[in-house]
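Engineer: Sequence and predicted structure are below.
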Amino acid sequence: MTQQSIVMVENLEYCYPDGTRAVNQVSLEIFPGEFIALIGQNGCGKTTLSKVLNGIFKPTSGTVTVDGLDTTRPKVKKQLVTAIGYIFQNPDHQLFNNNVFDEIAYAPRNIGCTESEVRERVSEAARIAGVRPELFGEHPFFLTKGLRQRVAIASILSLKPKVIIVDEPTTGQDYRQSIEIMEFLQELNRQHGHTIIIITHEMDIVAQYAKRAVVMHQGHMLLDGTVREVFGAREILDQASLKPPSLTALAQAWQAYGIDRGIATPEELYRQWRRRCGYETA
Ligand SMILES: Nc1ncnc2c1ncn2[C@@H]1O[C@H](COP(=O)(O)OP(=O)(O)OP(=O)(O)O)[C@@H](O)[C@H]1O
């Protein structure tokens, strides 16, 4: 039996009012439970594409279906917010309530949940996102950036969207915070079954966490494949002005020794060297 996609994009085109064609002839199918990275140079159309997926922008032409909902149809907005959520790069673009509880409760109230359901959703979303109940009365702007990001995530999780788009999850974070947020997204993906789409410039993050990568260039989709396939496609990465992670570049330098050019993680490289040296057979 073939699996039903959760996001289906067909011949999508998006033009801004000034005529800039930011997304051009993009077709894409995403399946439940995937962890995908949208990658490409600044201005290649990643954010625009994700805003169209999320229904913030309507396609100029083509179609976008999310969890069976045609995003171009009027009156789907309420259902769409429970199908797909968008977490902004800067949490401060998302937070506007006077306390953490109201922030996380805002969206469930907006879709008409009863107050007891709102409380339930807030406590569950806060627990998953690591926002302690002691913070519920605090003003979001007095929290650290890491905590504000968690509140922003909780305010999306309270809608229980099947697909979550996270714009630049690690930008402006130090190494420890980046790992923390990525591990958290991985947990949402693996333990809670959310389909995750990240937009990122950090190829090491893609190598470590994503399973599939979509390369964009000047509004077009240049390549869609497993992270290994994408990192192995040096010419396409060059065209998109992307550099593979240093580990992949190292593996490519060792291609003459039988090392695969798409290596994305230290574990894969270690296994290939062991095989190459005859310690492993399969
Ligand atoms: N409001 C707007 N009006 C007109 N053009 C816009 C607008 N927003 C973005 N663009 C243009 O659309 C194109 C795609 O921009 P977009 O922000 O989607 O790219 P991106 O890949 O997300 O870039 P970044 O990595 O810098 O966030 C760019 O040429 C950009 O200048």
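Structural biologist: Sure thing, it's come through.
Engineer: now this protein, which segments are flagged as low pLDDT?
Structural biologist: Within the chain, the stretches with pLDDT under 70 are 1-2, 281-282.
Engineer: Show me where it has its strands.
Structural biologist: 7-15, 21-30, 35-39, 61-66, 69-70, 84-87, 163-167, 195-199, 212-217, 220-226 (DSSP state E).
Engineer: tell me how far the last one is from the chain's mean position?
Structural biologist: Translated: strand 220-226. 15 Å (Cα atoms, centre = their mean, to the nearest Å).
Engineer: Give the partner strands of that strand in its sheet and their orientations.
Structural biologist: According to DSSP bridges, strand 220-226 forms sheet pairs with strand 212-217 (antiparallel).
Engineer: Tell me which residues are up against the strand it pairs with.
Structural biologist: 26, 28, 34-41, 44-46, 49, 206, 221-227, 230-231, 236-237, 239-240, 242 (Cβ atoms under 8 Å, 6 or more residues apart in numbering). From N, CA and C alone the C-beta is placed, and that goes for glycine too.
Engineer: touching the ligand at all, that strand?
Structural biologist: No: taking Cβ under 6 Å from any ligand atom as the criterion, strand 212-217 and the ligand are apart, separated by no less than 6.5 Å.
Engineer: same deal with stretch 34-44?
Structural biologist: Yes: against the ligand, stretch 34-44 shows contacts by Cβ under 6 Å from any ligand atom at Gly40, Asn42, Gly43, Cys44.
Engineer: Residues of the stretch 1-150 of the chain that sit close to the ligand?
Structural biologist: So the stretch 1-150 of the chain meets the ligand at Tyr16, Asp18, Thr20, Ala22, Gly40, Asn42, Gly43, Cys44, Gly45, Lys46, Thr47, Thr48 (Cβ under 6 Å from any ligand atom).
Engineer: Quick check: the farthest pair among those residues?
Structural biologist: Asp18 and Gly40 (20.9 Å; Cβ to Cβ).
Engineer: Compare the two and say which one has the larger neighbour count.
Structural biologist: More neighbours surround Gly40 than the other of Asp18 and Gly40, with 25 against 5 (other Cβ atoms under 10 Å).
Engineer: give the contact list for that one.
Structural biologist: Gly40 makes contacts with Lys46, Val215, Met216, His217, Leu222, Ala240, Leu242, as judged by Cβ under 8 Å, 6+ apart.
Engineer: mind redoing it with 7 Å?
Structural biologist: Lys46, Val215, Met216, His217, Ala240 (Cβ atoms under 7 Å, 6 or more residues apart in numbering).
Engineer: Same check on Glu29?
Structural biologist: Contact analysis of Glu29 by Cβ under 7 Å, 6+ apart lists Ser5, Met8.
Engineer: For Asn189, see how far away the closest residue to Gly193 other than its chain neighbours is.
Structural biologist: In space, Gly193 comes closest to Gly33 once its chain neighbours are excluded; the distance is 6.1 Å by Cβ to Cβ, 6 or more residues apart in numbering. For Gly33, the distance to Asn189 (Cβ to Cβ, to the nearest Å) stands at 7 Å.
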